[in-house]
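**Student:** Model the following, please.
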Amino acid sequence: MAAEIGPMASGPERTRIADLSAGALMASTATRLTDAGSETARLDAELLVSHAFARDRTWLHAHPDASLDDETARELDGWIERRAGGEPVAYIRGFKEWFGLRVTTDRRALIPRPETELLAESAIAEVAARLVRDERVVAVWDVATGGGAVALALALRFRAPLALGRMRLLASDLSPDALELASENFAAHGVAQLVTVQVSDLLGEDGATSAEQSLRADLVTANLPYVTSAEVSAARGSLAFEPRLALDGGADGLDALRRLVAQLPQRLAPGGVALLEVAARQAPSVRAEAERLPVPVAVTQIPDLAGIERVVRIARLDA
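**Tutor:** Numbers count the residues shown, from 1 in each chain. So this is what the prediction gives:
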């Protein structure tokens, strides 16, 4: 039986998806998702319908009269139902377009957010400055790497320095499942051999080799869980589908950030820098934690384009 448009159809007969043009299908899907409570119904509809056509959104708008075969229409109908139930589009499609990359996504790890692009940009700038400053090897540790988005951006940008031994890149996570997904992303982009993957609780040494145990990073990057436990428990929509381990930052959202900051004197090299992504209004608290460390530091807060301080930069001054 051919797939049919569901609740928004009118009349005694429901309209088959396969009988709708691409333009009509986008409109009807957007209506269906709006009725289901999606706050991004139009975008969701464009992403799902274009995915069904195996084309991008630009092509979809240029071909409003295109149609789907029955089998693909049935598949799309299932995707729409999943999105109406709150499942993220990135999990339904199996990837997220992030920082100009196609990053594979599924329930093993958090979906990379647009705000994390600021963390990646800041990290790239830090590494580039160190590579041109002197000939020393730059050791970078991406903590709580999740699906590996930030580490992937660094590996692709600095492929040559990594291959030549001018840079080392370690990606760690407490979740073996998340690291498996990260490894798949590294392999898909041809950089698996350039990134060391390690199971680790923050800057701990769980599962590390002897060489990794002695690592003192010149740059630490981290997008840690920073949502409050209450917000995670009450989560609806996309957050309800993502792993709690990657979201729950404790009562005030700062548990993991506090622990990582406390580990910096032992794991961040003198003269090194830590870049920590934070939620809105968390930067002052993280700054206060850093300024209590027993080593001299300079702390700055990096805003995004909306003026929200999204990254805290902690630099050791005892180089």
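**Student:** pLDDT below threshold where in the protein?
**Tutor:** Within the chain, the ranges that satisfy pLDDT under 70 run 1-15, 205-214.
**Student:** separation between the nearest residue to Ser238 once chain neighbours are set aside and Ala109?
**Tutor:** Ranked by C-beta to C-beta, 6 or more residues apart in numbering and with sequence neighbours excluded, the top spatial neighbour of Ser238 is Pro88, at 4.1 Å. (Glycine included, C-beta is placed from N, CA and C.) Shown here: Pro88 relative to Ala109, a distance of 12 Å by C-beta to C-beta, to the nearest Å.
**Student:** out of those two, which sits in the more crowded spot?
**Tutor:** Ala109 (28 against 20; other C-beta atoms under 10 Å).
**Student:** phi, psi of that one?
**Tutor:** Main-chain torsions, Ala109, degrees, to the nearest 10: phi -150, psi 160.
**Student:** Keeping just the C-alphas, turn whichever strand or helix holds Val103 into CSV.
**Tutor:** According to DSSP states H and E, Val103 maps onto strand 101-104. Taking Å, rounded to 0.1, in the frame of the first residue of the first chain, the C-alpha atoms of strand 101-104 are listed here in CSV:
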residue,chain,number,x,y,z
LEU,A,101,31.4,18.8,7.4
ARG,A,102,29.0,15.9,7.3
VAL,A,103,29.2,14.3,10.7
THR,A,104,27.6,10.9,11.3
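**Student:** Neighbouring strands - and their directions - for that strand?
**Tutor:** If you go by DSSP bridges, strand 101-104 pairs up with strand 95-98 (antiparallel).
**Student:** Can you give the distance of the strand it pairs with from its chain's centre?
**Tutor:** 9 Å (C-alpha atoms, centre = their mean, to the nearest Å).
**Student:** List the contacts of it.
**Tutor:** Contacting residues not belonging to strand 95-98 are listed as 90, 102-105, 111-114, 116-117, 149 [C-beta atoms under 8 Å, 6 or more residues apart in numbering].
**Student:** And for stretch 148-156?
**Tutor:** Taking C-beta under 8 Å, 6+ apart as the rule, stretch 148-156 contacts 98-99, 101, 103, 112, 116, 119-120, 123-124, 127, 140, 142, 145, 162, 169, 171, 181-183, 185-186, 189, 191, 194-195, 221, 223.
**Student:** Among those, which are located in helices?
**Tutor:** 116, 119-120, 123-124, 127, 162, 181-183, 185-186 (DSSP state H).
**Student:** could those residues be laid out in JSON lines, adding neighbour count and distance to Phe241?
**Tutor:** Formatted as JSON lines, those follow (neighbours: other C-beta atoms under 10 Å; distance: C-beta to C-beta, whole Å):
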{"residue": "Thr116", "neighbour count": "22", "distance to Phe241": "18"}
{"residue": "Leu119", "neighbour count": "26", "distance to Phe241": "23"}
{"residue": "Ala120", "neighbour count": "25", "distance to Phe241": "24"}
{"residue": "Ala123", "neighbour count": "23", "distance to Phe241": "27"}
{"residue": "Ile124", "neighbour count": "17", "distance to Phe241": "30"}
{"residue": "Val127", "neighbour count": "23", "distance to Phe241": "33"}
{"residue": "Leu162", "neighbour count": "21", "distance to Phe241": "33"}
{"residue": "Leu181", "neighbour count": "22", "distance to Phe241": "15"}
{"residue": "Ala182", "neighbour count": "30", "distance to Phe241": "19"}
{"residue": "Ser183", "neighbour count": "16", "distance to Phe241": "22"}
{"residue": "Asn185", "neighbour count": "27", "distance to Phe241": "19"}
{"residue": "Phe186", "neighbour count": "23", "distance to Phe241": "24"}
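**Student:** for the stretch 101-250 of the chain, what spans make up the strands?
**Tutor:** 101-104, 138-143, 167-173, 196-199, 217-222 (DSSP state E, counting those that start in this stretch).
**Student:** Can I get those strands in JSON lines including mean neighbour count and distance to Arg292?
**Tutor:** Output for the strands of the stretch 101-250 of the chain, formatted as JSON lines (neighbours: other C-beta atoms under 10 Å; distance: least, C-beta to C-beta, whole Å):
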{"stretch": "strand 101-104", "mean neighbour count": "19", "distance to Arg292": "36"}
{"stretch": "strand 138-143", "mean neighbour count": "26", "distance to Arg292": "20"}
{"stretch": "strand 167-173", "mean neighbour count": "25", "distance to Arg292": "25"}
{"stretch": "strand 196-199", "mean neighbour count": "18", "distance to Arg292": "28"}
{"stretch": "strand 217-222", "mean neighbour count": "24", "distance to Arg292": "18"}
